[in-house]
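Q: Give the three-dimensional model of this entry:
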Amino acid sequence: MLILGLSSFKNDTAAALLRDGVIVAAIENAKLQPSATRGIPEAAIEYCLQQGSASWNDLDLVAVASDAAPGWRRRSFSRPRFSPLAPIATTFQEGKEFSRFAWEWTGLRTLRQRLSAGNGNAARKVVALDHHLCHASSAFFLSPYEQALILTLDGEGDGRAGLIATGDGTKIRTEKTISFTDSVGWIYSRITDLIGFIPSKDEHKTQWLSLEGEPLYKDIFLRILRRPGNPLPGVNFHYFHRDLTGAFEPSRFFFDQLGLPADKSQLTPENKRNLASSLQVAVTEVVSDLLAFYQKKTGMTKICLGGGVFHNTLLVASLERKFSVGNIFVPPAPGNAGTALGAALYVWHQQLNNPRPPAPQNELRSVYWGPSYTRTDVKDVLDNAKARYSLQNTGEKKLDSAVQLLRAGKIVGWFHGATEFGPRSLGHRSLLASPWAPYVTENLNDFVKHRESFRPFAVSVRAEDCEKYFEGSPLCRLMNSLATVKPDADVLPRALQLSGGQLGANMVRLHIVEKEVDPVLWELLRRFGENEPAPILVNTSFNLPGEPPVIRPKDAVRTFFCSGIDAVFVDNFLLMKSSAAHILNPKVQQNSEAQVTA
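A: Next up is the predicted model:
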């Protein structure tokens, strides 16, 4: 049975294909078509069908992680009560809501039209599902738990901002829903905007900035985020006002309570750091207390988390410390993209009542469900680009060359195998560097990533070596949590360690590499560590600023030539700039020196 799962059409769209409950393919549309992040994920659908050797006629069901009509009703009936004295704003918002409903409904109709070209009832083949149930499905059905408490939180989806549920085998039962008017994710986005970042895009920057501030306004944010005696989040709208377009902004009361200037252009860098810290600490407390309440109520110790709020690895790490490592699961793509998988899995397990794989086969370890390319594909791209390259004709030679470059302090692009699903680069589309190279973080930030210095880089380590250097978590396999550097094995430079906020000292973003999942990166780490302080490499996403990680060979080549990357391995092909060529070929350096002397 073939089930195509699609995310909602709002943003960060994605598609996933299941064959008899097994994931065949999954990819975010923005990775294949960066200019299109809304609407039907055409490029992602095309890839999934191609990977499954299927056409629209072969599909048994299309599951969409959005139910347009109920979502429209919830949003439309709730908004007017917030602006009873602002009829213009209310009318404007109602017009926007109806336009959104029509647009989403048109998307569903388009899918039905495509399916109607084949045999069968197209109306029955397209299933519209509640958005947060799909978040819950992705979180629970991908987890290793047979029973678990489920919490989803995001900005808004189908007129809701969250859901509390329980999962048992193949069934998810809703305990409570959270209205979009009480959205933790929405508050996080408003403060992200206030700080000067882009809302609904740069929340990760607010997260990392929080480590540099003090939670001076924590109590005020707690008053904003919840009501006394109620475990559920509850937004206090006294702290916000609505402009003529219906958009909410922090009110004069908000700034007076914080003792800050109402003009956000007058906020100092210290103000912004303290706002980020206060928000992060308050959100962590609200979510932690909510989980503790429902954990006690349901008696369940295992917890599954879904929704865009749980992209926040600081939050997840704090929850692991409270509820114990091993009791928390976050799917590889907790945000909107992950609902594509959630929708397909919900139909397969919940509606069709198909069993889940038994433990330990049900434990998610690999998420390489995106496109891969043959050696011929890569060579054609390189030849067409007229790029100078060398072929590392054996795996041994490739690894030896990479180790030499890394030990020389070079930044190396690493492109092989299938693309990762989700926002993390897990060794197939990564930039690698030695943690002990001089100015490694500065070089990555200044010449490649062009990003803020407060944003930390991750490091990769083999699973066998992890316990020697770190106190990690199973979630570190997907980089969804943090690890602690062991005091007696503190070999990692301070620039790569985190502290501040709710964290203890010496935390790190960690990627645990297992041999059976990624044998190439595993072996590279082993060889690199033979003559270095530890078998550890800096691992960050292979991309230019503002772009998704590279997917195709041509993306890797363009990124290589448009940045300060020294060398790149695309499959077994190696491209180098003059800054790296002399490492593997000393004659290059000798010829250069001879020309200078002459």
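
Q: Please, where are all the helices along the stretch 201-350 of the chain?
A: Secondary structure of the stretch 201-350 of the chain (DSSP state H, counting those that start in this stretch): helices located at 203-209, 218-225, 252-258, 269-298, 313-323, 339-345.

Q: what angle separates the longest one from helix 218-225?
A: Comparing the axes of helix 269-298 and helix 218-225 via axes from the mean of the first three to the mean of the last three CA atoms, to 10 degrees yields an angle of 60 degrees.

Q: Could you list every helix and strand in contact with helix 269-298?
A: Applying 3 or more CB pairs under 8 Å, 6 or more residues apart in numbering; DSSP states H and E, one finds that helix 269-298 makes contact with strand 147-157, strand 160-168, helix 184-195, helix 203-209, helix 218-225, helix 313-323. For the C-beta atoms, the positions are set from N, CA and C on the backbone; glycine is no exception.

Q: pLDDT at the residue nearest the centre of the chain, what is it?
A: In the chain, the C-alpha nearest the mean C-alpha coordinate belongs to residue 423, at 3.3 Å (CA atoms, centre = their mean). The per-residue pLDDT reported for residue 423 equals 93.

Q: what does residue 200 give?
A: At residue 200, pLDDT is 89.

Q: what's the helix or strand residue 539 falls within packed up against?
A: Taking DSSP states H and E as the definition, residue 539 sits inside strand 536-541. In terms of contacts (3+ CB pairs under 8 Å, 6+ apart), strand 536-541 is packed against strand 429-433, helix 440-444, strand 458-462, helix 519-528.

Q: Need the winner for burial among those.
A: Among these, strand 429-433 has the highest mean neighbour count (mean count of other CB atoms under 10 Å), at a mean of 26.

Q: Extract the C-alpha set from that strand and format it as PDB.
A: Extracted as PDB, the C-alpha positions of strand 429-433 are listed here (Å, rounded to 0.1, in the frame of the first residue of the first chain):
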ATOM      1  CA  ARG A 429      25.600  17.200   3.700                       C
ATOM      2  CA  SER A 430      28.100  18.700   6.200                       C
ATOM      3  CA  LEU A 431      31.000  21.000   6.500                       C
ATOM      4  CA  LEU A 432      33.700  19.500   8.700                       C
ATOM      5  CA  ALA A 433      36.700  21.000  10.400                       C
END
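
Q: Tell me which residues are up against it.
A: By CB atoms under 8 Å, 6 or more residues apart in numbering, the residues outside strand 429-433 that reach it are 402, 406, 409-415, 419-420, 425, 440, 443-444, 448, 460, 524, 537-542, 549-551, 556, 565.

Q: burial count for the closest residue to residue 132 other than its chain neighbours?
A: Spatially, and ignoring its direct neighbours in sequence, residue 132 is nearest to residue 163 (4.0 Å; CB to CB, 6 or more residues apart in numbering). Other residues near residue 163 come to 25 when the count uses other CB atoms under 10 Å.

Q: re earlier: what separation do you get for the residue nearest to the centre of the chain and residue 480?
A: 10 Å (CB to CB, to the nearest Å).

Q: Ok, residue 300 next?
A: Going from residue 300 to residue 480 by CB to CB gives 20 Å.

Q: Looking at those two now, which is surrounded by more residues?
A: residue 480 (27 against 19).

Q: one step back: closest one to residue 40 among the helices of the stretch 201-350 of the chain?
A: helix 339-345 (11.8 Å; CB to CB).
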